[in-house]
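Visitor: Everything below, folded, please.
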Amino acid sequence: MSSIGNIFWCDSSNQSWRPAASSRAASVANHLQSIRSSFDTASAAHPDNSYSTSGVTAVYPARLTESERQLAAATKSLREIELLPDGWNDNGAPAFSDRIVTEARHILHILQHVPFVMPTACPSIQMTFEEPLLGYLQFDMFEDGSVERYLEDLNGHTQEDLIAWQEIPQAVSAFYSDQFQT
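Guide: Okay, the predicted model is just below:
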């Protein structure tokens, strides 16, 4: 699975997790990770309050809260995931269906905390929450509607299980209220 501080992709040929090795996969991963910081600097670089990459332009108010910037970045990531073609990672990963992107967008907008959102080659849309005082929480939302949850606490204890996508908001709330058990 994805680990804190490292980028891992699911190899679609054998469904195993491995570090991003191809330059294109690493480039996509690095680009998606840079989205958050780009919103912080975009207003200085673009006086009209727009930011454009990969053919997607985001326009936002000049003064956003940190939470609003994170939500804008996550929403932008989903738009970019929606535009990924078949083979987007140079390893045969399929494009994402409208259904899974719509489902991920719905989840994103009902959460009380904003995740970092990125595609994986499994294919899944991954939502991660990393908090220095709590640990790490990750969801992989798959095309078939299943969701893999991965938790890691500050002591390195981990838990992996399958949940329904409807359970994601409750799991995020439990993580932030420090009520999860590993």
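Visitor: going forward, measure contacts and count neighbours with C-alpha atoms only.
Guide: Will do.
Visitor: Any stretches of the chain with poor pLDDT?
Guide: Along the chain, the model assigns pLDDT under 70 to residues 1-62, 179-182.
Visitor: which residues in it form strands?
Guide: With strands called from DSSP state E, the chain shows them at 8-11, 16-19, 50-53, 56-59, 116-120, 124-131, 135-142, 146-153, 158-164.
Visitor: The last one packs against which elements?
Guide: Applying 3 or more CA pairs under 8 Å, 6 or more residues apart in numbering; DSSP states H and E, one finds that strand 158-164 contacts strand 146-153.
Visitor: Buried residues, the strand it packs on. List them.
Guide: Residues of strand 146-153 classed as buried under the neighbour-count rule (16 or more other CA atoms under 10 Å) are Val147, Glu148, Arg149, Tyr150, Leu151, Glu152, Asp153.
Visitor: Run me through the strand neighbours of it, direction for each.
Guide: strand 135-142 (antiparallel), strand 158-164 (antiparallel) (DSSP bridges).
Visitor: contact partners of that strand?
Guide: Outside of strand 146-153, the residues within contact range by CA atoms under 8 Å, 6 or more residues apart in numbering are 1, 134-141, 158-165, 182.
Visitor: Write the ChimeraX selection for whichever of those are buried.
Guide: The following ChimeraX selection, which keeps only the buried ones among the contacts of strand 146-153, applies the criterion 16+ other CA under 10 Å:
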select :134,135,136,137,138,139,140,141,163,165
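Visitor: Excluding chain neighbours, what is closest to Gln126?
Guide: For Gln126, the nearest residue in space outside its immediate sequence neighbours is Asp140; the separation is 4.5 Å by CA to CA, 6 or more residues apart in numbering.
Visitor: That neighbour reaches Cys122, doesn't it?
Guide: No. Under the criterion of CA atoms under 8 Å, Asp140 makes no contact with Cys122, lying 9.2 Å away.
Visitor: any idea where the helices of this structure begin and end?
Guide: For the chain, the helices defined by DSSP state H cover 23-45, 66-83, 98-110, 168-176.
Visitor: Next, work out how far apart Leu83 and Ala95 are.
Guide: Applying CA to CA, to the nearest Å, the value for Leu83 to Ala95 is 8 Å.
Visitor: same thing with Tyr150?
Guide: Using CA to CA, one gets 24 Å for the distance from Tyr150 to Ala95.
Visitor: which residues does the residue nearest to Gln126 contact?
Guide: The contact partners of Asp140, taken as CA under 8 Å, 6+ apart, are Ser124, Ile125, Gln126, Met127, Val147, Glu148, Arg149.
Visitor: Ile110 - how many residues pack around it?
Guide: Using other CA atoms under 10 Å, Ile110 has 11 other residues around it.
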